[in-house]
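# Just need the structure, nothing else, for what follows:
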Amino acid sequence: MKEIIKCPECGESQLQRNKEKGEVLCKACGLVLDDKMVDFGQEWKEYDSESAEKRRRTGAPLTYTQDDRGLGTEIGRKQDIYRLAGKNKHKFQRLRLWQRRVSTAIEANLRLPLSELKRISSLLNLPNYVEEEIARIYTEAIHKGLVRGHSTEAVVSGVVYAVLRMYDIPRTLNEVSEVTGIDKKRVAKNFKYVSRNLNIRTLPIDPINYISRFASELALDAKTQTKAVDIVQKAIQKEITSGRSPKGIAAGALYIASKINNEKKTQAEIAKVADVTEVTVRNSYKELTNRLDFLRIELQAAQAAS
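Predicted coordinates:
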């Protein structure tokens with residue numbers, strides 16, 4: 001049903017929605033615009049998790065992080081079955097066995113990769129919605145036959161990195177490579193393969209996304225972090241970042257900001273945290289100071305003050 005935004009009688013848009021009576025009234029002329037509206041909210045209150053569990057009439061929401069989308073029924077756990085008497089124990093063991101056998105081929109193919117995805121999400125400290133999206137895209141890849149002829153682990157690594165790029169989560173190829181056990185070049189190759197075949201569009205990585213994380217690991221104060229963000233924003237405006245490593249730009253900006261605010265951080269320390277070489281930090285520093293005139297002035301002022 002189309003939402004009412006103004007009164008057809010007087011043309012005013014000051015409407016009152018009475019959820020208890022299920023009515024929509026015009027405040028200006030008093031016309032009842034709609035009645036008998038359905039309230040889709042819950043009709044009971046919950047005061048604690050126990051009372052909520054008793055009153056709830058639905059199960060857990062559907063999720064891609066389980067091979068059966070959370071619709072299946074688990075027939076006991078192994079440790080519970082072993083407590084039963086002999087006849088019942090064998091009966092429930094057979095039921096568990098048959099339950100696993102009736103699952104579809106796709107569900108069987110999803111079981112191991114989804115448990116691997118949970119492990120990777122945990123190690124990368126990813127939020128639930130990102131884990132859900134990774135599982136959804138991997139399920140889509142299975143349905144489209146993209147895993148056939150490829151290593152499961154390699155496709156998983158490509159999907160993980162693709163979703164990280166989609167949500168602008170600052171995780172590097174090296175980090176994904178470490179937790180998945182797949183070489184960095186193969187992760188990049190599978191990222192392109194998955195993105196191409198599933199039409200996943202990702203924007204270039206914004207160097208600003210790395211600033212807060214690197215600054216936190218380097219124990220830099222908020223003033224230095226803010227200055228580094230300002231440097232990167234100015235660099236983006238002048239198109240200095242185009243075609244350059246986002247991690248390198250972020251590292252160079254943090255090095256300059258730390259020098260301006262007189263925080264003693266070496267190029268080696270910043271390079272280690274940013275997972276780049278000292279040469280990259282040095283080149284980024286030179287590029288930024290050469291093309292952003294105000295940085296040279298601020299660095300000279302900081303040097304004179306110290």
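
# separation between the spatially most central residue of the chain and K118?
Nearest residue to the geometric centre of the chain (Cα atoms, centre = their mean): V130, 3.6 Å. Per Cβ to Cβ, to the nearest Å, V130 is found 12 Å from K118. From N, CA and C alone the C-beta is placed, and that goes for glycine too.

# sorry, back to before: surely the residue nearest to the centre of the chain and L117 touch.
No - applying Cβ atoms under 8 Å as the test, V130 and L117 come out as separate, 10.5 Å apart.

# Was I right to think L254 contacts A219?
No - look at L254 against A219 with Cβ under 8 Å: they stay out of range, at 11.7 Å.

# what residue ranges in the stretch 201-306 of the chain score low on pLDDT?
306 (pLDDT under 70).

# what do you get if the cut-off is 80, keeping everything else the same?
203-204, 243, 301-306 (pLDDT under 80).

# One more: the stretch 1-150 of the chain?
For the stretch 1-150 of the chain (pLDDT under 80), the answer is 1-6, 12-14, 16-22, 28, 35-111.

# the helices in it, which residues?
49-55, 78-81, 86-101, 105-123, 128-143 (DSSP state H, counting those that start in this stretch).

# burial measure for I5, as a count.
7 (other Cβ atoms under 10 Å).

# looking at it, it is touching S13, isn't it?
Yes - under the criterion of Cβ under 8 Å, I5 makes contact with S13 at 6.1 Å.

# List the contacts of whatever helix or strand R196 lives in.
R196 is part of helix 184-197 when elements are defined by DSSP states H and E. Residues external to helix 184-197 that are found in contact with it (Cβ atoms under 8 Å, 6 or more residues apart in numbering): 137, 141, 144, 146, 150, 154-155, 157-159, 161-162, 165, 173-174, 176-177, 180, 182, 200-202.

# repeat that with 7 Å
141, 144, 146, 154-155, 157-159, 161-162, 173-174, 176-177, 180, 200, 202 (Cβ atoms under 7 Å, 6 or more residues apart in numbering).

# What's the end-to-end length of stretch 255-275?
Separation of the first and last residues of stretch 255-275 by Cα to Cα, to the nearest Å is 14 Å.

# So which bits of that stretch are buried?
The neighbour-count check on stretch 255-275 (16 or more other Cβ atoms under 10 Å) flags 255-261, 265, 267, 269-274 as buried.

# Could you identify the most distant pair in the residues you listed?
The span of the buried residues of stretch 255-275, defined through Cβ to Cβ, is set by I260 and K272 at 21.2 Å.

# Go ahead and report the secondary structure state at P204.
coil (DSSP: H, G, I helix; E, B strand; the rest coil).

# ok, now how distant is it from V187?
On the measure of Cβ to Cβ, P204 and V187 end up 17 Å apart.

# Which one's more surrounded, these two?
V187 (22 against 10).

# and that one, how far is that from A141?
For V187, the distance to A141 - Cβ to Cβ - is 15 Å.

# Just the buried ones from the contacts of helix 184-197?
141, 146, 154-155, 157-159, 161-162, 173, 176-177, 180, 200.

# Just the closest of these to A250, please.
Nearest to A250 among the buried ones among the contacts of helix 184-197, with distances taken as Cβ to Cβ, is L173, at 14.9 Å.

# which residues does the closest one contact?
Here L173 is in contact with 161, 184, 187-188 (Cβ under 7 Å, 6+ apart).

# now those residues as TSV including pLDDT?
Converted to TSV, the contacts of L173 look like this (pLDDT from 0 to 100):
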residue	pLDDT
Y161	91
K184	87
V187	90
A188	90
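
# which of these sit farthest apart?
Y161 and K184 (10.1 Å).

# quick one: which of the contacts of helix 184-197 sit in helices?
141, 154-155, 157-159, 161-162, 173-174, 176-177, 180 (DSSP state H).
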